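Trainee: From the sequence below, what's the structure:
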Amino acid sequence: MTNPNKREVRYAAYVHFLDSSGDELTVGRAEVDVPARDSAQTRVPVPAGAVSVDLDYCEAEPDAQRVD
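Mentor: Take a look at the predicted model:
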């Protein structure tokens, strides 16, 4: 995530966890503080209880959302 602002901002990243057919099993979310005019990375864990043999892959939303 990249923060173009003059101050630190908290962002939420979302990842969709899918089965082999492309059907969504669950959505994970993680928040991260991004320093002013800088970037940061975070890991979005699979939500507890959602891990199954059906989980095949994940897709991150392209844009993180600002958390106010």
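Trainee: now this protein, which segments are flagged as low pLDDT?
Mentor: Low-confidence segments of the chain (pLDDT under 70): 49, 52.
Trainee: That one: strands as residue ranges?
Mentor: 2-3, 9-19, 24-34, 38-39, 55-60, 65-66 (DSSP state E).
Trainee: Which among these is found nearest to A48?
Mentor: Minimum separation from A48 across the strands of the chain (C-beta to C-beta) falls at strand 24-34, 10.0 Å. Using the backbone N, CA and C atoms, a C-beta is placed for each residue, glycine as well.
Trainee: which residues touch the closest one?
Mentor: With contact meaning C-beta atoms under 8 Å, 6 or more residues apart in numbering, strand 24-34 is reached by 1-3, 8-19, 40-47, 50, 52, 54-55, 58, 67.
Trainee: quick revisit: may I see the strands of the chain arranged in CSV, with mean neighbour count as well?
Mentor: Formatted as CSV, the strands of the chain follow (neighbours: other C-beta atoms under 10 Å):
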stretch, mean neighbour count
strand 2-3, 16
strand 9-19, 17
strand 24-34, 15
strand 38-39, 11
strand 55-60, 13
strand 65-66, 14
